[in-house]
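[1] need a structure here:
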Amino acid sequence: MRKILLLGFILCLFGLQNVYGQEEKADYQSPHAMVAKVLFNDYALPNGFDGDTLKMSNGLEFGYIRNINKYLNIAFPLKVGLANVSGFRNKRTIFSADALLQVQYYKDEAKVVPYLFGGGGVVTENFEMTNVQFPMGVGVNLRIGENSYFNLQGEYRKSQAADRDNLQYGAGFWFRLGQRKYEEQLGLDTDGDTVPDIQDECPTEAGLPGLLGCPDTDGDGIADKIDECPDELGVAATLGCPDLDGDGVKDANDLCPSQPGTLENNGCPETNSDRDHDGINDELDMCPDEAGLARTKGCPDSDQDGVMDSEDDCPNTPGPISKKGCPSRDSDGDGILDEQDACPDVAGPLVLEGCPDTDGDGVLDKNDDCPDVPGAASTRGCPNIDSDGDGVVDSKDACPYQAGSPKTGGCPDTDGDGVLDSADQCPYQAGPAERGGCPFIDADGDGVEDKDDECPAQAGSKATSGCPDSDQDGVADKFDACPNTPGPYRGCPDTDGDGVDDSQDSCPNTAGSVSNYGCPEIKPEEKEVIVAAAQAVVFEVGKATLKAESYAVLDQVADILLKYPDYKVMISGHTDNTGKSESNKALSQERANSCYEYLVSKGISRHRMQFKGMGEEKPIASNATEEGRELNRRVEFDLYVR
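    Here you go, the predicted model:
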């Protein structure tokens, strides 16, 4: 078969060479193409098998491709090859026929054309087995000639049959059968604007023939693709933007849109005019329509104090620039200028910087809490009267007849917690203000206040509402099914991550289903092997000696037990009712033991197996017929996880 594949690929290359030779002579480009590839088939990885067991094999693909448009193709590949598949020692001959839809990104000048594809197909093995497969994948065409490409492709094929999912990798050549006739190309008009695509500068947007098929939204004769203002009527000189004064500067950038000017002057005219005749050119004049002075940049200065009238708070009275053109003043008439007077609106002596001191105690009225009664500066101008003797004068004492401290405004705070006794709910126990002055009570010292602590006598953490959490998994010990082992499920771990915590998981190190106590489910086809083994294991007549044909059956049972190491098995022997009951029970025990020992020889641990002889106690058919007695002579294998 390998020689046939090689010969087929060589013939493919020979045919491709002939097509290349015709490319230069081709005068049309048809939508038809052919593809030929060498394939590499992998049935191991998608089905979870070892690559050394099911090695990669080869094949050939020949296909026809029909182009729909620049984005879509349909393809019909035929494939032949060899495959190493599950259940067979020798390679199987594979034939397939597919129908695919390809989505590509194609440009005429492109060197690389990537694509995605998907579809369905029928596959047959040795013309004995047939199944439906659904291929999907990616590929790329690399241009090597006008009508030819080198093709690389990878696909995943989902099969409806068991263990027949596969990966295929392909490499080969893709070639177009020619070019469309020029007349046919002229007939293509994707956007329906009467301009053939081959002549259309905007083939996917309907436009005007005079603009090579491109649209002109604002109707100014400039195609939208080069029009900087596609929604506003404009001229070519400003790339489609409006220019009211026609000076070549578009209105959006023209500082003088109604006066022609120069680009250098932002669309404004060059001028040396002096409209207000003050001898200052308008370009330099901040007030070009009002005569002014040079020192005020052409603006008027009525009081000629150097401050232009528009910025002069006293435009008719000269004053310094620092005072915005106003003269120095003494608003309170105390002989001290306002800028030097600490109290410019109230008369006062120079020694007190112009501020009054009504009671003459040396404390300015603005700082004197008792402005009409002499007092000391230390008591802010008030007389030294302190009725409760707490160091806070009565005038400043919120509680003048209850001793306090300066920190509390003269009011008492017995426990010194910063909360006045009048507002303190626990005046003799220090506590924070947010707790009304009451202390934080935490009997077990775990940082959780007793009123919020679900276990106030046992130290815990805030995460567990004050209750202990020995394994620190966030689940309090009283709710934790595994208090000494951290875990997410009721505080228990789930080692294999199957959603069944280890305390309930019969297979804690192997992921399984919840319904099967956390153990993996045995596949239906493997269960069938176990059931079939009951009748398939045979012995010498009247003996416990296994016949040779039983070995293959027991080997299959051993393979299943090795595959599922968490399962145990009960081996039970059964007989028909021929002979004595005691003899039948002894024989069934010996036969069950023979199977037990054989499985031990195949590497199955004795700890995983039990056996017993049931004799004629549990028939599954009538012992009145030969067929029924044959069914009753059996060895059953019962797999369980608990």
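[2] is it true that residue 440 touches residue 430?
    No. Contact criterion CB atoms under 8 Å: residue 440 and residue 430 do not qualify, at 10.1 Å. In this view, the C-beta of every residue, glycine as well, is placed from N, C-alpha and C.
[3] between the two, point out the one with more neighbours.
    Between residue 440 and residue 430, counted using other CB atoms under 10 Å, the more crowded position is residue 430 (17 against 11).
[4] quick check on the more buried one: phi, psi?
    As for residue 430, its main-chain torsions (degrees, to the nearest 10) stand at phi -70, psi 140.
[5] and if you look at the one 4 residues further on?
    Torsion angles at residue 434 (phi, psi; degrees, to the nearest 10) stand at phi -70, psi -10.
[6] show me the contacts for it.
    For residue 434, no residue meets the contact criterion (CB atoms under 8 Å, 6 or more residues apart in numbering).
[7] likewise for the one 4 residues further on?
    The contact partners of residue 438, by CB under 8 Å, 6+ apart, come to 425-426, 429, 431.
[8] please list only the buried members of the residues you listed.
    Among the contacts of residue 438, those scoring as buried are residue 431 (criterion: 16 or more other CB atoms under 10 Å).
[9] which one of the contacts of residue 438 sits closest to residue 615?
    Residue 615 lies nearest to residue 431 out of the contacts of residue 438, by CB to CB, at 83.6 Å.
[10] is the closest one in a helix, a strand, or coil?
    Under DSSP: H, G, I helix; E, B strand; the rest coil, residue 431 falls in the coil class.
[11] what segments of the stretch 51-200 of the chain are strands?
    For the stretch 51-200 of the chain, the strands defined by DSSP state E, counting those that start in this stretch cover 57-67, 72-83, 92-104, 112-125, 129-143, 148-159, 166-176.
[12] reformat those as JSON lines; add mean neighbour count and mean pLDDT.
    Shown next, in JSON lines, are the strands of the stretch 51-200 of the chain (neighbours: other CB atoms under 10 Å; pLDDT from 0 to 100):
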{"stretch": "strand 57-67", "mean neighbour count": "19", "mean pLDDT": "96"}
{"stretch": "strand 72-83", "mean neighbour count": "19", "mean pLDDT": "96"}
{"stretch": "strand 92-104", "mean neighbour count": "17", "mean pLDDT": "96"}
{"stretch": "strand 112-125", "mean neighbour count": "16", "mean pLDDT": "96"}
{"stretch": "strand 129-143", "mean neighbour count": "16", "mean pLDDT": "96"}
{"stretch": "strand 148-159", "mean neighbour count": "18", "mean pLDDT": "96"}
{"stretch": "strand 166-176", "mean neighbour count": "21", "mean pLDDT": "95"}
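[13] columns distance to residue 217 on top of those strands, output as CSV?
    Formatted as CSV, the strands of the stretch 51-200 of the chain follow (distance: least, CB to CB, whole Å):
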stretch, distance to residue 217
strand 57-67, 33
strand 72-83, 30
strand 92-104, 31
strand 112-125, 33
strand 129-143, 37
strand 148-159, 39
strand 166-176, 38
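[14] out of those, which gets nearest to residue 446?
    Smallest distance to residue 446 across the strands of the stretch 51-200 of the chain (CB to CB): 56.8 Å, for strand 148-159.
[15] and the strands in the stretch 451-600 of the chain?
    Using DSSP E, counting those that start in this stretch, the strands of the stretch 451-600 of the chain run over residues 568-574.
[16] remind me which residues of it are low pLDDT?
    In the predicted model of the stretch 451-600 of the chain, residues 471, 473, 477 satisfy pLDDT under 70.
[17] between its first and last residues, how far does stretch 468-481 reach?
    Terminal residues of stretch 468-481 lie 14 Å apart, using CA to CA, to the nearest Å.
[18] contacting residues around stretch 45-63?
    Residues from elsewhere that reach stretch 45-63 (CB under 8 Å, 6+ apart): 2, 5, 8-9, 12, 34-44, 75-86, 91, 94, 156, 163-168, 170, 172.
[19] so what's residue 87 up against?
    Residue 87 neighbours (CB under 8 Å, 6+ apart): residue 163.
[20] now do it against residue 129, distance only.
    Per CB to CB, to the nearest Å, residue 87 is found 10 Å from residue 129.
[21] and what of residue 66?
    31 Å.
[22] kindly report the same for residue 162.
    11 Å.
[23] which residues does residue 634 bridge with?
    As for beta bridges, residue 634 partners with residue 574 under DSSP bridges.
[24] and it, what does it touch?
    Residue 634 neighbours (CB under 8 Å, 6+ apart): 534-535, 537, 573-574, 620.
[25] is there a neighbour count for the residue lying closest to residue 177 once chain neighbours are set aside? I'd like the number.
    Using CB to CB, 6 or more residues apart in numbering and skipping residues adjacent in sequence, the residue nearest residue 177 is residue 32, 4.7 Å away. Counted by other CB under 10 Å, the residues lying close to residue 32 total 12.
[26] likewise residue 213?
    25.
[27] repeat that for the one 3 residues further on.
    Residues within reach of residue 216, counting by other CB under 10 Å, total 18.
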